[in-house]
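Asks: Got a predicted model here, sequence first, then my questions.
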Amino acid sequence: MSDQPESRLILSQSSAGSAASVEDHPLVRSLRSILREIDDEYERERENLRRTLPDTNVKDRTLAMLKARHLQRRETYARELSALLDGRE
């Protein structure tokens, strides 16, 4: 059994090995789409908070917590995407 993540094995088994085929792989496209959705949601929430909260320490802490949650949510997807793209050699 290999030490590669399952998604990398799927990618290597189903793609021809070229960089273009990796970019077009459904798993890569799906991960990018998920990351875009997470980023878009973060931007909407951040703008909403900036508009609705008064300029206080509460606003600063809330925005910092939102950013931390955003980075945590996208970390796994970004790491997986990076592993897939790094393995395209």
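Replies: On my side now, so go ahead.
Asks: Report the contact partners of residue 59.
Replies: 49-50, 53 (Cβ atoms under 8 Å, 6 or more residues apart in numbering). Yep, even glycine has a C-beta here, placed from its N, CA and C like the rest.
Asks: For it, what is the enclosing helix or strand?
Replies: helix 57-86 (DSSP states H and E).
Asks: Please work out the average pLDDT along that helix.
Replies: Confidence for helix 57-86, expressed as mean pLDDT, is 96.
Asks: How is residue 27 assigned, secondary-structure-wise?
Replies: helix (DSSP: H, G, I helix; E, B strand; the rest coil).
Asks: Tell me if I'm right that it and residue 84 touch.
Replies: Yes - contact criterion Cβ atoms under 8 Å: residue 27 and residue 84 qualify, at 6.7 Å.
Asks: Please identify which of these two sits among more neighbours.
Replies: A count of neighbours by other Cβ atoms under 10 Å puts residue 84 above the other of residue 27 and residue 84, at 22 against 17.
Asks: Tell me the buried residues in stretch 29-48?
Replies: Along stretch 29-48, these residues count as buried under the neighbour rule (16 or more other Cβ atoms under 10 Å): 31, 34-35, 38, 42.
Asks: How about stretch 53-65?
Replies: residue 62.
Asks: Make residue 1 into 524 and carry on from there
Replies: I'll keep to 524 as the first residue from here, and by that count the last item is stretch 576-588.
Asks: Can you report how many residues lie near residue 593?
Replies: For residue 593, using other Cβ under 10 Å, the count is 17.
Asks: Go ahead and confirm it touches residue 558.
Replies: No - judged on Cβ under 8 Å, residue 593 makes no contact with residue 558 at a distance of 10.8 Å.
Asks: For the closest residue to residue 604 other than its chain neighbours, which three-state class applies?
Replies: Leaving aside its sequence neighbours, residue 604 sits nearest to residue 554 (Cβ to Cβ, 6 or more residues apart in numbering; 4.3 Å). For residue 554, the assignment made with three-state DSSP gives helix.
Asks: again, but for the one 10 residues further on
Replies: Secondary structure assignment for residue 564 (three-state DSSP): helix.
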